[in-house]
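Engineer: take a look and give me a structure for this.
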Amino acid sequence: MLLLIISAQLKNFLIVEDDELATPSVGPWAKTKYQIIYDYMVLFSSGMKKHWANRIYIDIYAGAGKAKIEKTNEILYSSPMLALKVDDPFDKYIFCEKDKKLYQALEQRIKNEHFEESHVIFNGDCNEIADTILKEIPQHSRKNNVLSFCFVDPFSLKIEFETIKKLSTKFMDFLVLLAFGMDGKRNITHYVKDNNKRIDKFLGLEDWRSRWEIANKKHINLVEFLAKEFTQQMVNLGYLEEAIDNFIAIHSDERNLPLYYLAFYSRNKIGYDFWNKVKMRNTDPTLFD
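Structural biologist: Residues are numbered from 1 along each chain as shown. All right, here's what the predicted structure looks like:
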């Protein structure tokens with residue numbers, strides 16, 4: 001498994017003013033994440049404009065639209081606002097945020113920016129309202145084709161594979177934050193217990209423990225094991241196997257520890273062409289010397 005590694009030492013990106021609405025704090029490495037997601041949004045929205053009648057952006061852990069960098073207190077646009085600001089806007093935006101305060105902040109920020117693009121914001125758990133989200137995606141037809149891009153950005157392994165499976169019934173690419181460093185390794189002793197269903201739901205599997213025991217004896221670490229299990233599940237849905245060789249590991253500034261992995265999934269090689277361009281822009285080549 002190839003993990004392209006990038007640090008958070010990027011230039012300031014879309015720093016904005018504090019509007020005094022709810023703004024969650026994030027680590028400095030979030031700059032890297034926002035840079036990557038924005039770069040891909042731009043390529044996707046522009047590159048697919050002439051080929052698809054409807055380009056849909058879906059953000060199922062949308063947050064508040066802005067985030068505050070810890071220690072520096074810099075305010076950055078987060079994924080929903082970045083998506084709304086691409087040069088070739090998506091034809092529709094679908095946002096979902098469970099936290100009421102963050103949902104309200106995002107709703108107000110979109111109003112304050114006077115965005116005219118079609119959008120809908122749900123206040124709820126994406127795992128519980130996946131069917132409702134699906135209904136907001138326009139019906140695909142020969143004359144009205146629809147392609148969606150879904151960003152999955154949980155702070156832990158809270159996404160359930162059943163949700164991904166439902167969304168994947170549409171023509172849809174995914175960029176998924178695999179929060180192994182922040183959640184998986186830290187809680188493995190708890191998660192491997194038979195009565196704990198967190199990883200069962202994350203992978204959409206109940207038989208992973210027996211394979212984990214074998215992998216653990218071979219000194220395969222949990223991060224690699226879970227990444228491969230999740231990706232195989234995506235392959236089973238028809239996504240290309242290139243995903244396993246195209247992860248990006250984002251490390252912390254202070255101890256250079258892996259915090260999470262960005263995994264891209266598409267059923268079309270064009271998606272990986274875009275993803276590879278993003279990796280080239282955002283990966284420090286000196287890390288491979």
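
Engineer: for the stretch 151-289 of the chain, just list every one of the helices.
Structural biologist: In the stretch 151-289 of the chain, helices defined by DSSP state H, counting those that start in this stretch lie at 161-167, 188-191, 198-203, 208-217, 222-236, 269-282, listed in chain order.

Engineer: need those in CSV (columns: mean pLDDT and mean neighbour count).
Structural biologist: Where you see a C-beta, it was placed from the backbone N, CA and C, and this is true even at glycine. Converted to CSV, these look like this (pLDDT from 0 to 100; neighbours: other C-beta atoms under 10 Å):
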stretch, mean pLDDT, mean neighbour count
helix 161-167, 99, 19
helix 188-191, 71, 14
helix 198-203, 94, 20
helix 208-217, 93, 13
helix 222-236, 91, 19
helix 269-282, 92, 17
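
Engineer: of all these, which lies closest to Lys33?
Structural biologist: Minimum separation from Lys33 across the helices of the stretch 151-289 of the chain (C-beta to C-beta) falls at helix 269-282, 9.9 Å.

Engineer: now that closest one - C-alpha only, CSV.
Structural biologist: Extracted as CSV, the C-alpha positions of helix 269-282 are listed here (Å, rounded to 0.1, in the frame of the first residue of the first chain):
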residue,chain,number,x,y,z
LYS,A,269,-9.9,6.5,-14.5
ILE,A,270,-10.5,10.2,-15.2
GLY,A,271,-11.2,10.6,-11.5
TYR,A,272,-7.7,9.3,-10.7
ASP,A,273,-6.2,11.5,-13.3
PHE,A,274,-7.6,14.5,-11.4
TRP,A,275,-6.5,13.0,-8.1
ASN,A,276,-3.0,12.4,-9.3
LYS,A,277,-2.7,16.0,-10.3
VAL,A,278,-3.8,17.1,-6.9
LYS,A,279,-1.2,14.8,-5.3
MET,A,280,1.5,16.2,-7.5
ARG,A,281,0.6,19.8,-6.4
ASN,A,282,0.4,19.0,-2.7
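
Engineer: contact partners for Asp19?
Structural biologist: Under the criterion of C-beta atoms under 8 Å, 6 or more residues apart in numbering, the neighbours of Asp19 are 66, 109, 112.

Engineer: what about it, distance to Asp99?
Structural biologist: Asp19 sits 17 Å away from Asp99, taking C-beta to C-beta, to the nearest Å as the criterion.

Engineer: before we move on, what about Ile110?
Structural biologist: When C-beta to C-beta is the yardstick, Ile110 and Asp99 sit 16 Å from each other.

Engineer: which one of the two has more residues nearby?
Structural biologist: In this view Ile110 and Asp99 are compared by other C-beta atoms under 10 Å, and Ile110 has more residues nearby, 19 against 16.

Engineer: that one: what secondary structure?
Structural biologist: Reduced to three states with DSSP: H, G, I helix; E, B strand; the rest coil, the structure at Ile110 is helix.

Engineer: burial of the residue lying closest to Thr72 once chain neighbours are set aside, as a residue count?
Structural biologist: With C-beta to C-beta, 6 or more residues apart in numbering as the criterion, Thr72 has its nearest non-adjacent residue at 7.1 Å, and that residue is Pro28. For Pro28, the number of neighbouring residues by other C-beta under 10 Å comes to 18.

Engineer: ok, the residue lying closest to Phe171 once chain neighbours are set aside - contacts?
Structural biologist: Distance criterion C-beta to C-beta, 6+ apart; nearest residue to Phe171, sequence neighbours excluded, is Leu147 at 5.0 Å. Listed by C-beta under 8 Å, 6+ apart, the contact set of Leu147 reads 48, 51-52, 54-56, 171-173.

Engineer: how distant is the one helix or strand Leu147 maps to from the center of its chain?
Structural biologist: Using DSSP states H and E, Leu147 maps to strand 146-152. Taking C-alpha atoms, centre = their mean, to the nearest Å, one finds strand 146-152 lying 10 Å from the centre of the chain it belongs to.

Engineer: need the helices of the stretch 151-289 of the chain in JSON lines with distance to Asn73, can you?
Structural biologist: Converted to JSON lines, the helices of the stretch 151-289 of the chain look like this (distance: least, C-beta to C-beta, whole Å):
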{"stretch": "helix 161-167", "distance to Asn73": "34"}
{"stretch": "helix 188-191", "distance to Asn73": "33"}
{"stretch": "helix 198-203", "distance to Asn73": "33"}
{"stretch": "helix 208-217", "distance to Asn73": "41"}
{"stretch": "helix 222-236", "distance to Asn73": "31"}
{"stretch": "helix 269-282", "distance to Asn73": "24"}
